[in-house]
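J.: my questions concern the predicted model and sequence given below.
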Amino acid sequence: MGIVLLTGFEAFGTTPVNPAEQVARQLDGEQVGSAKIVARIVPNTFFTCVEVVQTAIAEVRPDAVVMMGEYGGRSMVTVERIAQNLNDSARYGLRDNDGKSLQDDLTAFDGPAAYCATLPIRAMVRAMRAAGIPADISDAAGTFCCNHLMYGILHHIAIEGLDLRAGWVHLPHLPEVAASEQNLGAPSMSVETAAAGLRAAIAAIAAHPKDVADPIVSLLQI
């Protein structure tokens with residue numbers, strides 16, 4: 001495999017430092033197995049974020065796209081299975097970085113209800129666990145900008161007929177974010193640990209054109 005486009009969201013809402021941005025910056029330019037990582041930082045804004053990644057795909061011409069964001073409250077690196085065609089940031093009391101809040105709005109008016117990630121998600125989780133990184137599959141990407149971007153890019157790939165695998169990885173809070181009074185008690189993960197997880201996951205993408213069939217035991221609740 002040639003190039004992996006790795007995207008990370010910038011800071012947003014009540015998160016002053018986004019682990020996705022930090023991991024993307026750390027891994028930019030690295031060679032992982034047969035894959036060269038090219039990273040892009042993406043604005044946490046509805047619709048604009050999709051346009052930015054579409055442009056990056058056209059420029060970089062990757063073989064796979066791995067998009068990242070933060071999911072506060074999760075204790076593991078989680079690989080998303082499904083993105084839904086629905087935006088509802090109002091339920092979280094959150095606005096994007098342009099100040100926009102959506103409720104029951106679609107990402108693509110004529111799009112299907114959902115898309116499944118086309119990355120080898122079981123192989124990715126298995127590789128991260130083998131590397132000593134806590135990881136799991138998630139079936140709930142939320143209804144804010146992370147789910148929005150994942151859906152938007154999978155829809156773009158589908159309607160353009162691109163030969164391109166894509167999916168989403170969520171990261172826990174950074175320790176300094178979990179240490180804030182509003183997040184006390186929340187789990188966290190260092191940039192170094194999260195980056196090690198992404199290296200293992202990207203190596204698994206390069207090694208598995210198709211996903212493994214063996215089940216991945218899961219205890220994830222959110």
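T.: Yep, that arrived.
J.: can you give me the strands in this structure?
T.: For the chain, applying DSSP state E gives strands covering 3-9, 31-32, 35-42, 64-70, 77-80, 82-84, 87-88, 103-105, 114-116, 135-138, 165-171.
J.: what's next to the fifth one, contact-wise?
T.: The reference is to strand 77-80. Strand 77-80 has contacts (CB atoms under 8 Å, 6 or more residues apart in numbering) with 71, 117, 119, 121, 124-125, 128, 133-141, 146-147, 150, 167-172, 189, 194, 197-198, 201, 220. C-betas here are computed from N, CA, C, even on glycine.
J.: which ones among those residues lie within helices?
T.: Those of the contacts of strand 77-80 mapping onto helices are 121, 124-125, 128, 146-147, 150, 194, 197-198, 201, per DSSP state H.
J.: quick check: the two most widely separated of these?
T.: Farthest-apart pair in the ones in helices among the contacts of strand 77-80 is 128 and 147; separation 21.3 Å (CB to CB).
J.: check what pLDDT the residue nearest to residue 129 when sequence neighbours are not counted gets.
T.: The shortest distance from residue 129 to any non-neighbouring residue, by CB to CB, 6 or more residues apart in numbering, is to residue 135 (5.6 Å). pLDDT recorded at residue 135 is 97.
J.: in this structure residue 11 contacts residue 44, no?
T.: Yes. Shown here, residue 11 and residue 44 form a contact pair, counting by CB atoms under 8 Å, at 7.5 Å.
J.: list residues touching both of the two?
T.: residue 18.
J.: CSV for the strands of the chain, including distance to residue 57?
T.: Below are the strands of the chain laid out as CSV (distance: least, CB to CB, whole Å):
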stretch, distance to residue 57
strand 3-9, 7
strand 31-32, 19
strand 35-42, 10
strand 64-70, 7
strand 77-80, 18
strand 82-84, 16
strand 87-88, 21
strand 103-105, 24
strand 114-116, 16
strand 135-138, 24
strand 165-171, 9
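J.: so the residue nearest to residue 129 touches residue 128, yeah?
T.: Yes. With contact defined as CB under 8 Å, residue 135 reaches residue 128; the gap is 3.7 Å.
J.: neighbour count: the two, which is higher?
T.: residue 128 (25 against 22; other CB atoms under 10 Å).
J.: just checking, that one touches residue 203?
T.: No. Using CB under 8 Å, residue 128 is not in contact with residue 203, being 9.8 Å away.
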